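> What follows is a protein structure lacking sequence information:
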């Protein structure tokens, strides 16, 4: 029914009230995802969505655990819910430009992802810093053509972020893998990134899947190495 908050929004409201009222003092560590999931009777994916909203509102700060992850200007990015929110939580004023939204058929990608169907909706975007106009990412997101996504080429985003559209369509990332390499950009990429052909960029390939293992998103990104780095914690 319209007007009824989503599960993660209800959790966000409860925790935000506890934080603002002083019931949870500043700096106090929140219970872990498992404990919060048990408290509210929801999945850990729902808890993560609520924590992302609290982080975006500036009410909590998240710390990345051990493993490999991407940094922006030396600070960890939790990008499971999208680059836009990840950069927003780091007080980075960035602007997204959507270059194209179209239906594509990628048999080779489908084979790599072990998908029976090679049809995707591809969203092509760049992201630039508002302060100086530097383009820091060029991204191609490949999404399954499920209801809520298959209409994007004709409808557009209508002011919504890609993250919000995905969540509304039931595409909630739970786990996946990300690969990173470095390469020189070609002429078309250089034009989009406002750089010189042959400049060096980080090339990442990230595949996200839902808790049940179903495909959620495959993102191919070129990241400006002057701003993005990869770090690894161990021990």
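Cool, the structure landed. For clarity, every value in this text was computed on a predicted model and none was experimentally measured.
> Find the least confident helix or strand in the protein, judged by mean pLDDT.
Sorted by mean pLDDT, DSSP states H and E, the helices and strands of the chain end with strand 67-72, the least confident at a mean of 50.
> all helices of this structure, in order?
Here the chain has its helices, by DSSP state H, at 7-20, 33-40, 44-56, 83-89, 107-112, 152-155, 162-168, 187-193.
> Out of those, flag the one nearest residue 177.
Among the helices of the chain, the nearest to residue 177 by C-beta to C-beta is helix 107-112 (11.6 Å). The C-beta positions use only the backbone N, C-alpha and C, and glycine is treated the same way.
> Now do the domain split for this structure, please.
1-62, 68-233 (automatic domain parsing).
> any chance of those in CSV, with mean neighbour count too?
Conversion of those to CSV gives the following (neighbours: other C-beta atoms under 10 Å):
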stretch, mean neighbour count
domain 1-62, 14
domain 68-233, 16
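> looking at those, which has the lowest confidence?
When the domains of the chain are compared by mean pLDDT, domain 1-62 comes last with a mean of 76.
> Might you calculate how far it sits from the centre of the chain?
On the basis of C-alpha atoms, centre = their mean, to the nearest Å, domain 1-62 sits 19 Å off its chain's mean C-alpha point.
> Check stretch 188-200 too.
Worked out by C-alpha atoms, centre = their mean, stretch 188-200 lies 24 Å from the chain centre.
> Look up how far residue 51 lies from residue 201.
To residue 51, residue 201 is 31 Å away according to C-beta to C-beta, to the nearest Å.
> Quickly note the distance from the closest residue to residue 10 other than its chain neighbours to residue 117.
Leaving aside its sequence neighbours, residue 10 sits nearest to residue 40 (C-beta to C-beta, 6 or more residues apart in numbering; 7.9 Å). According to C-beta to C-beta, residue 40 stands 35 Å off from residue 117.
> circling back to that earlier point, may I see the helices of the chain arranged in JSON lines, with distance to residue 127 as well?
Formatted as JSON lines, those follow (distance: least, C-beta to C-beta, whole Å):
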{"stretch": "helix 7-20", "distance to residue 127": "25"}
{"stretch": "helix 33-40", "distance to residue 127": "28"}
{"stretch": "helix 44-56", "distance to residue 127": "16"}
{"stretch": "helix 83-89", "distance to residue 127": "6"}
{"stretch": "helix 107-112", "distance to residue 127": "22"}
{"stretch": "helix 152-155", "distance to residue 127": "18"}
{"stretch": "helix 162-168", "distance to residue 127": "11"}
{"stretch": "helix 187-193", "distance to residue 127": "10"}
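> Please name whichever of these is nearest to residue 209.
Nearest to residue 209, of the helices of the chain and by C-beta to C-beta, is helix 44-56 at 11.2 Å.
> Let me know the angle separating that closest one from helix 7-20.
50 degrees (axes from the mean of the first three to the mean of the last three C-alpha atoms, to 10 degrees).
> Which strands and helices lie in contact with helix 44-56?
helix 7-20, helix 33-40, helix 83-89 (3 or more C-beta pairs under 8 Å, 6 or more residues apart in numbering; DSSP states H and E).
> and if we set it to 10 Å?
For helix 44-56, the packing partners by 3 or more C-beta pairs under 10 Å, 6 or more residues apart in numbering; DSSP states H and E come out as helix 7-20, helix 33-40, helix 83-89, helix 162-168.
> tell me the angle it makes with helix 33-40.
Going by the same axes, to 10 degrees, helix 44-56 makes 100 degrees with helix 33-40.
> Touching, residue 13 and residue 40? I think so.
No. Using C-beta atoms under 10 Å, residue 13 makes no contact with residue 40, being 11.3 Å away.
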